[in-house]
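In: only the shape, not the letters, is given here:
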């Protein structure tokens, strides 16, 4: 017991979930071979940032990263760079706290950090209130709008009161320069979550959404809405998409625009999708082509059509959550008390499958996965691991 | 006819005299008596009072309620643990013996270890005798469902009883019943009654009013009276278990069988090598998963190497409609006491026959020829020696083989002789390859055991009668033996013994599957390699299943081929079949054999650069694999939850639109409903259609009329959550009703509430409590129904082993002391360690010294903490929380108050009970030093203590002074810059900076000569050189990171465990005095009057001063003035006047003196008169009073 047994893992694969689950299950992990075979080995800056974030909200966790020296020829100088391909992480006690600030960096958007953060916040000693700075909307991660409208509401199903659960978008920031800022508040769960029985997806009764546009013409928003409505009109009249145009300092430092849509069903399920368009990041640009001029951004009409199509695709798939949130739902189910949780999802995504595997490895929870051939959906059942909020102080 | 009619039976004649008649009368009358005599006393005459009574009743009702907790146990309950506790020589063993005799009609010679008894149709009881040391008591208290506390009535309560009660209270309070023994020692009935009363009330104050105290009056033939034992058994059988929060959230096992399964050659090589042990017992508390870590009390934490469920060794009778138990069903099981008729193991069933029932049958010539009459029979002696062998049966059987049926040629002996030429290289290869990391703990292995168990069960059933099945069993056994024999060459002589024995009918072994493989878990590593062999192996297996004649051939195959891996393979195929049959293959796809972490190839999918610098490409990127990678081989893939579907459909297409039309409310609702129905078939149908209630073993069939889906005209049919809810409720109610009808073991309270629940269902909506109850019941039913359709293997994977299964745990690398000092009288508890509970940290405990403990506890004196399953020694720091949230260190625990204790140790969840001991010594007084509950845990502590830095002025400037002795270095001063200081006289000040010698100056004074730690401070006034300067501050206190598990199981039980010593003990041992600070003594303060020197103003200054500032107060004269010193000589006239005045004064004073005397006399006379009067009046009054009383008395008498 004195010497912690490290759980050995390999690769940067599912870094977030591994950290999250290691923290929740208080298992020490040792990750090896983090991109050791790539041209730019080691931990990426967003991963390091995530580690810092976890250090910030927890107490006495220890992170050790080894130093791998490699020579970076990307700028023709041959710079000596030290990065870590090996990570040793020993979780501490989650404490949470108020008025925390974290700069998420520019390599990944805030959405990348929000997903683990919300779960960690629930099992903390004190309620969490943190300001995150960085990119609010990008194409890789779910946007903060989606998070606000959909993800936070999912917790309700697991017995988390929505009181104190909030996300405020102070500034928006699009890649590559970011400049966004949000404030996230997560309450703690007094004892634990409650198991859910969530299989009824219902029928879509309304579609809501919000467009954002920063440092571009304010009309872009309405153009996207117009295009999206054009598609939805064939299905449902109850479509309201709001525009959120930001200019000045609240609009961040880069131009960008995008939409986040949510379909609400009769049983209160939320199916969301989002899309964000901006200039690519410099490193991506390098790989794309050598021409230095900025490529054209997708016209807003196409964006509108695309996002509507994606949403319809999600709706077609069925399930109580969209494909983006599968992983989170599985995690929440696994963290429930030892009762049976049951959820229905559409097609299992690779991310979801990996989540299931990680849950099995860390929490020793296995799901019963049954396809429902009549609706082409999948029903998952599990007995929760009986996670309790242990760090909470009892009076 | 007439005779018939008139024939009258003798009517019952009630007793007219004697104790019973009296009793009856008394009982019957007492109630009515009161009501008849004073009817008013029983009617309410005040509305206020009535209301108050009503509210009190309501409050009592509410106070009785507890937050309902979900009981997640389904199916057969584990035996009810009855701990029999008491001081030595109080009759604990005798009580257990009597109870066992009562239940099973067997005489126990000795009580060692838990004894499981089937006590009723749906109930088993497990008795343990609580050992007489505090460690055993603590362990026993942690698992007791009922504590029978034996008290020597002739002696009274002893410390043990109260200690045990306190232990119970802190580790969750189970049911407690007192039993008073030795009351036949009282000859005086009255004294007996008095004592009983006294003890009962003392007992009540400790537990609650009305707690049951049972009296066992004396012994009859060295046993407790049958009637009383019977009554006690009745009391035990109606006791209900309570849900205790710690126990219901942790799996635990009370070990009732313990085997050392270390390979003997290892022991031979090194007696002190770490051992492999197996532990057996019923699983309690909560479901147990395979990956659970366990804590063995008194030993330490271990990972489980093997977990398997076994057939119940002491099963409940099959439920049938009959009263009571048949004799056959009155099983009991006590392997540690060496008793119990049937012993089910994973691989064998042992039938133990009592000595007097032993019949050596004449099956074989060697043993049969010599009958059972002769005591010195070879067979008998052999059997006896076998019974007394050092190695357990299990172990021996593992090494050898008994053939029961002589008609077949025993393959064991064949193989045993041929073992020399079995090539064992392969075997070793297979085992050496297995390296198991945490992650690699794969499904294959876990599946193995389960399927194996199934097989075992099957064999148990069929083995006796069916020859085919039996042959199969034999085959496996031979394999086992082969393997084991290879390992156990030095023990080959056992085999011979066995050969001689195998015809006796003393023990029958029905072997079914391998043992060795599971023991050593190593084959999990082989599994991947063996996949290709699987199919043909399967064939072999099938062959054997169907044709018994080919068995020898099969054996040969196995021997030559892959005998080492044989068993795991056939299991694997079974598992695979089971998997494929069940869940399509989605589960296999997700949890399937290709583990992402195991694969070593790393590919990069997201990087799509296509430049021509392939020469400088790292190897990872060359092997990059584009495309949908579901199996997740990609070690470094992008971590994004967003699923980007690359091909977008054109949603203007009519067909597409049609396909999702009905997903919207604008679409066809009936179609949606149909879809819902389909869902109903998909989930609801399977889930709620028909399910088996595990508790009652009843299968509920789906009744179409009952089901809401059946009512087809509803618009939103299956989807309506309300309806579903209602249906579930109905189900819950039904299950409850069934449970009630079957007399299943719902707790008393539950029964009570159930009634209420029904009422509420009938009437209006229930209160909050009932709502909670219903919710919990719903949840429970849902859990049962959702998991009902899974097969056993999947079920164990999903929810773990169920409560009540008989488990076999294998643990490797246990210190040899545990085996060496194993004592069956001490309970061994294997407790599951929850998530994060094996981590170590600081714990904050709300802590109170026990009021019966003699001493107060001192900070940093080691104490032994019992919390959760663990016992460990740690070094606490006691603190108290100040108003401002600061944790202030306390040197000692407060007298009658809670404080906080912070100590380092393995973490437990908040609100767990904690018990502290200072000594484990049996001779001590009340050993429980303190009790408390965990409040929170942390990885750091913020305990502060007061610190007072004392300094002296070195040099004083105007209001600035240089202070020495306060700090030791300039660095320290830098830390305290700006800190407030104060002199004794109350002058406040501030630390400025470290005093520095000015540049260029030579160090003139001592303080400038490079000495560090002199601080420059300013004050609000000039201080004196004689002042002492204080700096009051807070300093951080470290809690020592020390904890020391109390390993009482690793030493002889009669020794007291020795841990870290307290400071007092150390001083006593080393003969050191208690350090004494003279300055801290309280002494009388003597203050000498302060002498001030006169103010001297220099003459020159004085001259310069203005007049008003010049000193004018002259010093006092030494000699009196001349006026006072001179003599007075009077003139003659003056003298006359003076004399006259004197005379007149004389006269006046004389006059007044006389007047005073007269006055006094007068007063005296008056006083005398007054006294006389008073006496007279008093006398008269007395007379009057007396007369009055007399009259009154007379009047009263008359009336």
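Out: Looks like it came in fine. Since this is a predicted model, take the numbers as computed values, not measurements.
In: so which strand or helix has residue 49?
Out: Using chain A. Using DSSP states H and E, residue A:49 sits in helix A:45-57.
In: looking at chain B here, not the other one
Out: According to DSSP H and E, residue B:49 maps onto helix B:47-64.
In: show the subsequent helix or strand relative to that helix.
Out: strand B:80-85.
In: ok, then the element right after that next one?
Out: Counting by DSSP H and E, the next helix or strand C-terminal to strand B:80-85 is helix B:92-104.
In: is the helix or strand encompassing residue B:1030 anywhere near chain A?
Out: Taking DSSP H and E as the definition, one finds residue B:1030 inside strand B:1029-1037. No: Strand B:1029-1037 lies apart from chain A when judged by Cβ under 8 Å from any Cβ of the partner chain; the minimum separation is 15.4 Å. For every residue, glycine as well, the C-beta is placed using N, CA and C.
In: which ones are touching the residue lying closest to residue A:316 once chain neighbours are set aside?
Out: Once flanking residues are discounted, residue A:316 sits nearest to residue B:660: 4.7 Å by Cβ to Cβ, 6 or more residues apart in numbering or on different chains. Taking Cβ atoms under 8 Å, 6 or more residues apart in numbering or on different chains, we find residue B:660 in contact with A:235, A:312, A:315-316.
In: residue B:259 should be in a strand, yeah?
Out: Yes: according to DSSP: H, G, I helix; E, B strand; the rest coil, residue B:259 belongs to a strand.
In: was I right to think it contacts residue B:275?
Out: No: taking contacts as Cβ atoms under 8 Å, residue B:259 lies outside contact range of residue B:275: 10.2 Å.
In: coming back round to it: and the next element down the chain from the strand holding residue B:1030?
Out: With DSSP H and E, the next secondary element past strand B:1029-1037 is strand B:1043-1045.
In: strand partners (parallel or antiparallel) of that following strand?
Out: strand B:870-874 (antiparallel) (DSSP bridges).
In: in the partner strand, what's buried?
Out: B:870-874 (16 or more other Cβ atoms under 10 Å in any protein chain shown).
In: in the stretch 101-250 of chain A, which spans are helices?
Out: Using DSSP state H, counting those that start in this stretch, the helices found in the stretch 101-250 of chain A span residues A:110-122, A:144-146, A:152-154, A:219-232.
In: phi, psi for residue 314 please.
Out: Using chain A here. phi -60, psi -40 (degrees, to the nearest 10).
In: separation between it and residue A:150?
Out: 11 Å (Cβ to Cβ, to the nearest Å).
In: more neighbours: which of these two?
Out: Legend: neighbour count by other Cβ atoms under 10 Å in any protein chain shown for residue A:314 and residue A:150, higher for residue A:150 (26 against 22).
In: what number of residues lie near residue B:160?
Out: 23.
In: what does the one 4 residues further on give?
Out: Here the neighbour count serves as a burial measure; for residue B:164 (other Cβ under 10 Å) it reads 25.
In: list the contacts for it?
Out: Here residue B:164 is in contact with B:85, B:130, B:137, B:141, B:147, B:149 (criterion: Cβ under 8 Å, 6+ apart).
In: which of the residues you listed count as buried?
Out: Buried subset of the contacts of residue B:164 (neighbour count, 16+ other Cβ under 10 Å): B:85, B:130, B:137, B:141, B:147, B:149.
In: with adjacent residues omitted, what lies nearest to the fourth one?
Out: Okay, so that is residue B:141. Nearest to residue B:141 is residue B:167, by Cβ to Cβ, 6+ apart, at 4.2 Å.
In: measure that neighbour to residue B:898 for me?
Out: Distance from residue B:167 to residue B:898, by Cβ to Cβ: 19 Å.
In: and if you look at residue A:117?
Out: Residue A:117 is 37 Å from residue B:898, by Cβ to Cβ.
In: what about the two, which has more around it?
Out: Per other Cβ under 10 Å, whichever of residue A:117 and residue B:898 has more neighbours is residue A:117, with 23 against 17.
In: need phi/psi at residue B:205.
Out: Per degrees, to the nearest 10, the backbone of residue B:205 is at phi -60, psi -30.
In: what is the neighbour count of it?
Out: Residue B:205 has 9 nearby residues by other Cβ under 10 Å.
In: separation between it and residue B:211?
Out: Distance of residue B:205 to residue B:211, given as Cβ to Cβ: 10 Å.
In: same deal with residue A:109?
Out: On the measure of Cβ to Cβ, residue A:109 and residue B:211 end up 64 Å apart.
In: between those two, which is the more surrounded one?
Out: Neighbour totals were compared for residue A:109 and residue B:211, and residue A:109 leads with 30 against 16 (other Cβ under 10 Å).
In: quick one: pLDDT of that one?
Out: At residue A:109 the predicted local confidence, pLDDT, stands at 91.
In: you'd agree residue B:985 is up against residue B:1027?
Out: Yes: between residue B:985 and residue B:1027 there is a contact under Cβ under 8 Å: 5.9 Å.
In: neighbour count: these two, which is higher?
Out: More crowded of residue B:985 and residue B:1027, by other Cβ under 10 Å: residue B:1027, with 21 against 11.
In: what's near enough to touch the more buried one?
Out: Neighbours of residue B:1027 in contact, by Cβ under 8 Å, 6+ apart: B:952-953, B:983-985, B:987.
In: now those as CSV including distance to chain A?
Out: Shown next, in CSV, are the contacts of residue B:1027 (distance: Cβ to the nearest Cβ, whole Å):
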residue, distance to chain A
B:952, 41
B:953, 44
B:983, 40
B:984, 41
B:985, 44
B:987, 40
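In: of those residues, keep whichever come out buried.
Out: With burial judged by 16+ other Cβ under 10 Å, the buried subset of the contacts of residue B:1027 is B:953, B:983, B:987.
In: quick one: work out the angle between the one helix or strand the first one maps to and strand B:1029-1037.
Out: Same thing as residue B:953. Secondary structure from DSSP H and E places residue B:953 in strand B:943-956. Counting by axes from the mean of the first three to the mean of the last three Cα atoms, to 10 degrees, strand B:943-956 lies at 150 degrees to strand B:1029-1037.
In: next structured bit after strand B:943-956?
Out: Per DSSP H and E, the helix or strand that comes after strand B:943-956 is strand B:960-964.
In: which helices and strands does the helix or strand that that following strand is followed by pack with?
Out: Using DSSP H and E, the helix or strand that follows strand B:960-964 in sequence is helix B:970-975. For helix B:970-975, the elements it packs on are strand B:988-994, judged by 3 or more Cβ pairs under 8 Å, 6 or more residues apart in numbering or on different chains; DSSP states H and E.
In: most proximal residue of the stretch 1-150 of chain B with respect to chain A?
Out: Going by Cβ to the nearest Cβ, chain A is nearest to residue B:72 of the stretch 1-150 of chain B, at 6.0 Å.
In: what about the nearest residue to that residue once chain neighbours are set aside, neighbour count?
Out: Of all residues not flanking residue B:72 in the chain, residue A:338 sits nearest, at 6.0 Å (Cβ to Cβ, 6+ apart). By other Cβ under 10 Å, 22 other residues sit near residue A:338.
In: for residue A:338, what are its contacts?
Out: Residue A:338 sits in contact with A:383-386, B:72, B:286-287, B:799, where contact means Cβ under 8 Å, 6+ apart.
In: change it to 7 Å
Out: A:383-384, A:386, B:72, B:286-287 (Cβ atoms under 7 Å, 6 or more residues apart in numbering or on different chains).
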